[in-house]
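Enquirer: Below is the sequence, then the predicted model.
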Amino acid sequence: MKFFIDTANLKQIQEAQHLGVLDGVTTNPSLMAKEGITGRDSILKHYQNICEIVEGDVSAEVIGTQFEDMIKEGEELAKLHPQIVVKIPMIKDGVKAIKYFTDKGIKTNCTLVFSSGQALLAAKAGATYVSPFIGRLDDVSTDGLSLIQEIRQIYDNFNFKTEILAASVRHTMHVVNCAKIGADVMTGPLSSIEGLLKHPLTDNGLQKFLEDAQSLGI
Ligand code: G3P
C-alpha cells in the first residue's frame, strides 16, 4: 500500500519524506488555507515546492465547478510539474473533466467520494485515483471502511485500473484496516503514519536491551 501525506505543510511533508516511506502528497483548498497561502501565484509556487520535496504524485485541487473552468485550471496545474495529479470533485462536470484529462494522459484524483456508485463512475471516466473519505463517513455513523471494501470488490470484478486512495484517514487503525482490505493508497496526517511506530513492548524491550548492554561493558 502506498502512503501519501494529507497536508500542505512543508515541514511535515519533509519529515514524512525523511522517514523514507512516503509515496506522495494530497492537498485540498482547506489544507492550503490552513497554511495561510493566498493568491494564485503563491499557491502555484507552493505546489512546486511540494513536488521538490517528494518523489511521488502530488494532488492539486481545482476550484472551479464548471467543466471549462476545471479544464483551464487543471491544465495550468498539470503544466506546473510532472508529479502533479489534478484533483477533481465528484460532480457531473467533474466526471466529464476526468474523462477529458484521461484522454490527454493527465493523471486525476476524483475527490469527495462517499458511495460505491460514485467510485464506479470515477473508474468509468478513467480516474487515476478515487478518494473515498472514510473519516467523514465515520463522523456520520456510516462505516467508511465498508465503502472501501465495496469499491475494492467492484474494481476487482471488472479489473478497473483506478487506484483506491483511502482519504480522510484520521488514525493508525484506519491505516492498518485499509491495508487489510486492500486499499491501494492511504492519505492521512503525519500522526497516522508515525503512530504506526508505537508499541509499549518495543519501548520496554529496548530499555531492557540497553540496560543489559551496559552490563556487557561495551
Ligand atoms: O484527503 C481528504 C481529507 O483532506 C479530508 O480529511 O480529516 O478533513 O475529513 P478530513
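Expert: Everything's here; your move.
Enquirer: Burial check on residue 42, number of neighbours?
Expert: 12 (other C-beta atoms under 10 Å). (C-beta placed from N, C-alpha, C; glycine too.)
Enquirer: check contacts around it.
Expert: If you count contacts by C-beta atoms under 8 Å, 6 or more residues apart in numbering, residue 42 has none.
Enquirer: Next, the buried residues of the helix or strand hosting it.
Expert: Per DSSP states H and E: residue 42 is located in helix 40-53. Neighbour-count burial for helix 40-53, counted by 16 or more other C-beta atoms under 10 Å, picks out 43-44, 46-47, 50-51, 53.
Enquirer: Now do residue 24 against the ligand, distance only.
Expert: In this view, residue 24 and the ligand are 12 Å apart by C-beta to the nearest ligand atom, to the nearest Å.
Enquirer: What of residue 22?
Expert: In terms of C-beta to the nearest ligand atom, residue 22 sits 15 Å off from the ligand.
Enquirer: Make sure that residue is indeed in a strand.
Expert: No - counting by DSSP: H, G, I helix; E, B strand; the rest coil, residue 22 is not found in a strand; it is coil.
Enquirer: Am I right that it is in contact with residue 7?
Expert: No - contact criterion C-beta atoms under 8 Å: residue 22 and residue 7 do not qualify, at 11.2 Å.
Enquirer: Could you say whether residue 109 sits in a helix, a strand or coil?
Expert: Three-state assignment for residue 109 (three-state DSSP): strand.
Enquirer: hang on, the earlier thing: got the CA coordinates for the helix holding residue 42 in PDB?
Expert: What follows is helix 40-53 as a C-alpha-only set of coordinates in PDB (Å, rounded to 0.1, in the frame of the first residue of the first chain):
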ATOM      1  CA  ARG A  40      -2.800  32.300  -7.400                       C
ATOM      2  CA  ASP A  41       0.900  32.700  -7.800                       C
ATOM      3  CA  SER A  42       1.800  31.700  -4.200                       C
ATOM      4  CA  ILE A  43      -0.500  28.700  -4.500                       C
ATOM      5  CA  LEU A  44       1.200  27.500  -7.700                       C
ATOM      6  CA  LYS A  45       4.600  28.100  -6.200                       C
ATOM      7  CA  HIS A  46       3.600  26.100  -3.100                       C
ATOM      8  CA  TYR A  47       2.700  23.100  -5.300                       C
ATOM      9  CA  GLN A  48       6.100  23.300  -7.000                       C
ATOM     10  CA  ASN A  49       7.800  23.400  -3.600                       C
ATOM     11  CA  ILE A  50       5.900  20.300  -2.500                       C
ATOM     12  CA  CYS A  51       6.900  18.500  -5.700                       C
ATOM     13  CA  GLU A  52      10.600  19.300  -5.000                       C
ATOM     14  CA  ILE A  53      10.400  17.600  -1.600                       C
END
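Enquirer: Off-centre distance for it?
Expert: Distance, stretch centre to chain centre, for helix 40-53: 17 Å (C-alpha atoms, centre = their mean, to the nearest Å).
Enquirer: swap in stretch 113-123?
Expert: 16 Å.
Enquirer: what is the mean pLDDT for that stretch?
Expert: Averaged over stretch 113-123, pLDDT sits at 98.
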